[in-house]
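> Here is the input, now give the coordinates:
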Amino acid sequence: MPYVDLHTHTTASDGSLTPAELVRAAADAGLAAVAITDHDTIAGVAEALTAGRELPIEVVPGVEISMAGGPKGSMHLLGLFIDHHNPDLKQSLQRLQAARAQRNPRIARRLQELGIPLTMDEVSALAGGGQVGRPHFAQALIARGVVANRGEAFGRFLAAGKPAYVDKFRFQPAEAIAMVKAAGGVPILAHPGLLGLGLAALENLVDELVSHGLAGIEVYYSEHHNNLARRLAALAARRDLVISGGTDFHGDNKKDIHLGVGRGTLRVPESLLGPIRRLATDGDQAP
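Prediction:
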């Protein structure tokens with residue numbers, strides 16, 4: 001059975017592989033399809049699509065959008081099969097990128113106030129020309145020997161509630177879902193298991209998001225155990241939502257997550273791709 005990975009990140013956001021490198025790696029891994037879903041940007045999609053034309057793999061243009069809500073104040077929305085040329089989507093994402101750009105110097109200043117003389121030049125160099133995010137601050141802290149790994153960097157400094165954390169602008173769910181739909185894409189709730197909700201509370205949240213046009217749930221994910229995946233699949237069936245799945249691959253920036261297989265046991269069947277593609281192709285995503 002062929003498999004796919006519908007949640008990956010490149011150097012356009014906080015991954016370590018360029019879009020072309022990621023597509024080649026996915027083809028080498030024998031995947032039938034890979035989706036490029038960088039955080040709040042579609043800057044890597046064109047390069048990935050170009051690389052995919054030379055390889056036996058389907059490249060799905062996508063994005064992962066930060067949106068407000070949930071028990072932690074933040075959720076993520078995947079948009080699959082988006083039109084990466086859509087001007088309204090580009091403009092909306094630029095707003096998120098501007099918010100990130102304003103946030104980053106504030107994180108640097110907080111670290112400096114903690115006695116860590118980290119500069120934005122150091123952090124930007126680690127982004128390789130892509131947008132800067134907290135994972136790049138984590139890399140810089142590791143390079144300076146302040147922390148041993150990414151988990152320690154977030155646990156001591158960068159996670160919500162920690163000394164160097166700075167909140168950022170997020171779209172409301174209705175806005176984020178409308179952005180994806182207006183660009184012809186399929187809006188899918190990313191990694192719902194990370195929200196920390198019980199099943200009843202998650203159902204209520206999904207119902208709210210469905211009222212705004214949510215079309216799918218990411219059921220298969222590196223952090224979702226098998227029992228949770230079964231429950232999420234049943235929830236999707238009850239709400240007539242499409243099912244998606246992916247690893248959340250970041251390359252060297254998440255060394256334990258491998259393309260196509262997560263921590264080694266994840267398998268996302270290619271059969272999931274058809275219903276998502278049809279939902280986009282049929283034009284049912286128009287707001």
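
> can you name the farthest residue from the center of the protein?
Relative to the centre of the chain, and counting by CA atoms, centre = their mean, the farthest-placed residue is residue 115 at 31.8 Å.

> Please list all residues in contact with that one.
By CB atoms under 8 Å, 6 or more residues apart in numbering, no residues touch residue 115. Bear in mind the C-beta positions are built from the backbone N, C-alpha and C, glycine included.

> Check the gap between it and residue 123 for me.
Distance of residue 115 to residue 123, given as CB to CB, to the nearest Å: 17 Å.

> count of neighbours near residue 117?
Here the number of neighbours of residue 117 (other CB atoms under 10 Å) works out to 9.

> separation between it and residue 132?
Distance, residue 117 to residue 132, using CB to CB: 18 Å.

> just residue 170 next, same as before
Using CB to CB, we find residue 170 at a distance of 17 Å from residue 132.

> Show me which of these two is the more surrounded one.
Comparing residue 170 with residue 132 by other CB under 10 Å, the one with more neighbours is residue 132, at 24 against 20.

> Not counting residues beside it along the chain, what's closest to the one residue sitting closest to the centre of the chain?
Residue closest to the average C-alpha location in the chain (CA atoms, centre = their mean): residue 64, at 4.1 Å. In this structure, residue 64 finds its nearest non-sequential neighbour in residue 37, 4.5 Å apart by CB to CB, 6 or more residues apart in numbering.

> can you check residue 221 too?
Looking at residue 221 with CB to CB, 6+ apart, the closest residue is residue 191, at 4.9 Å.

> can you count the residues close to the one you found?
Residue 191, neighbours per other CB under 10 Å, totals 20.

> Helices of the stretch 151-287 of the chain, residue ranges please.
173-182, 199-211, 226-238, 273-281 (DSSP state H, counting those that start in this stretch).

> how about a markdown table for those helices, with mean neighbour count, distance to residue 101 and mean pLDDT added?
Formatted as a markdown table, the helices of the stretch 151-287 of the chain follow (neighbours: other CB atoms under 10 Å; distance: least, CB to CB, whole Å; pLDDT from 0 to 100):
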| stretch | mean neighbour count | distance to residue 101 | mean pLDDT |
| --- | --- | --- | --- |
| helix 173-182 | 22 | 19 | 97 |
| helix 199-211 | 15 | 28 | 96 |
| helix 226-238 | 15 | 35 | 96 |
| helix 273-281 | 18 | 31 | 94 |
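
> Distance to residue 89 added to these, as JSON lines?
Below are the helices of the stretch 151-287 of the chain laid out as JSON lines (distance: least, CB to CB, whole Å):
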{"stretch": "helix 173-182", "distance to residue 89": "6"}
{"stretch": "helix 199-211", "distance to residue 89": "19"}
{"stretch": "helix 226-238", "distance to residue 89": "25"}
{"stretch": "helix 273-281", "distance to residue 89": "14"}
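
> Of all those helices, which one is nearest residue 26?
Shortest distance between residue 26 and these, using CB to CB, is found for helix 273-281: 13.4 Å.

> elements contacting the closest one?
Helix 273-281 is packed against strand 3-8, strand 186-189, strand 242-246, with contacts defined by 3 or more CB pairs under 8 Å, 6 or more residues apart in numbering; DSSP states H and E.

> send the alpha carbons of the shortest one over as CSV?
So that's strand 186-189. C-alpha atoms of strand 186-189 as CSV (Å, rounded to 0.1, in the frame of the first residue of the first chain):
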residue,chain,number,x,y,z
VAL,A,186,-9.4,22.3,2.3
PRO,A,187,-9.2,23.5,6.0
ILE,A,188,-8.2,20.7,8.4
LEU,A,189,-7.6,21.0,12.2
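
> Can you mark which positions in stretch 86-99 are buried?
86, 89, 92-93, 96-97, 99 (16 or more other CB atoms under 10 Å).

> hmm, who's touching stretch 160-173?
So stretch 160-173 is contacted by 65-69, 72-75, 77, 92, 95-96, 99-100, 103, 106-107, 110-111, 114, 137, 154-159, 179, 208-209, 212, 214 (CB under 8 Å, 6+ apart).

> so what secondary structure elements neighbour the helix ranked longest in the chain?
As assigned by DSSP state H, the longest helix anywhere in the chain is helix 87-113. The contact analysis (3+ CB pairs under 8 Å, 6+ apart) places helix 87-113 against strand 58-68, helix 120-126, helix 134-143, helix 173-182.

> Turn the ones you listed into JSON lines, including distance to residue 4.
Putting the helices and strands packed on helix 87-113 into JSON lines (distance: least, CB to CB, whole Å) gives the following:
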{"stretch": "strand 58-68", "distance to residue 4": "8"}
{"stretch": "helix 120-126", "distance to residue 4": "30"}
{"stretch": "helix 134-143", "distance to residue 4": "24"}
{"stretch": "helix 173-182", "distance to residue 4": "19"}
